[in-house]
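Engineer: what's the 3D shape of this:
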Amino acid sequence: MDKLIILIIKIVISTYVITICLICLSELEKWQDKTIAVIMTIGSAYIITLVLNLFSPKRIHITDGIFDLLSGPLLITGSIACIALLDPWPVKIIGLFLWVAVMLYIPSLIDNDKE
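Structural biologist: Now for the predicted structure:
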């Protein structure tokens, strides 16, 4: 039951960060305001996780949930971008395979402390 609650908390926090950052990036006009809004959002999520880590038996990391949520859309959009933007066909295929390999390899770099 503890793992389920931790997983739900990770999903809620990462959804909060992604949603607020996208709202701030689309609604604010100056890049300085956008930068400050993103920093404040990530800072608030970091403070929330610090408080939750005081009370939970297992550590909660912000990056775990964010990369879990973004890995699917990044895999799809990156593959489409490789096919659409790269010019000769062999480069498209090589770029597509490299993108998929990188997207599948990045979580193993981040989640070294998982059980």
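Engineer: residues making contact with the helix or strand hosting Phe67?
Structural biologist: Element membership of Phe67, judged by DSSP states H and E, is helix 62-85. By Cβ atoms under 8 Å, 6 or more residues apart in numbering, the residues outside helix 62-85 that reach it are 10-11, 13-15, 17-18, 42, 45-46, 49, 92, 95-96, 99-100, 103, 106-107, 110-111. Using the backbone N, CA and C atoms, a C-beta is placed for each residue, glycine as well.
Engineer: Now it - C-alpha only, CSV.
Structural biologist: Extracted in CSV, the C-alpha atoms of helix 62-85 (Å, rounded to 0.1, in the frame of the first residue of the first chain):
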residue,chain,number,x,y,z
ILE,A,62,10.6,15.1,-8.5
THR,A,63,12.5,13.9,-11.6
ASP,A,64,11.2,10.3,-11.4
GLY,A,65,7.6,11.2,-11.9
ILE,A,66,8.3,14.0,-14.5
PHE,A,67,10.4,11.7,-16.7
ASP,A,68,7.8,8.9,-16.3
LEU,A,69,5.0,11.2,-17.5
LEU,A,70,7.0,12.8,-20.3
SER,A,71,8.8,9.7,-21.7
GLY,A,72,5.8,8.6,-23.8
PRO,A,73,5.1,11.9,-25.5
LEU,A,74,8.8,12.6,-25.9
LEU,A,75,9.3,9.2,-27.6
ILE,A,76,6.4,9.8,-30.0
THR,A,77,7.2,13.5,-30.8
GLY,A,78,10.9,12.8,-31.2
SER,A,79,10.3,10.0,-33.5
ILE,A,80,8.0,12.1,-35.6
ALA,A,81,10.5,15.0,-35.6
CYS,A,82,13.3,12.6,-36.7
ILE,A,83,11.2,11.5,-39.7
ALA,A,84,10.0,15.0,-40.6
LEU,A,85,13.1,17.1,-40.1
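Engineer: And the lowest mean pLDDT element among the helices and strands of this structure?
Structural biologist: One helix or strand of the chain scores below all others by mean pLDDT, DSSP states H and E: helix 62-85, with a mean of 79.
Engineer: Out of the contacts of helix 62-85, which sit inside strands?
Structural biologist: Using DSSP state E, no member of those sits in strands.
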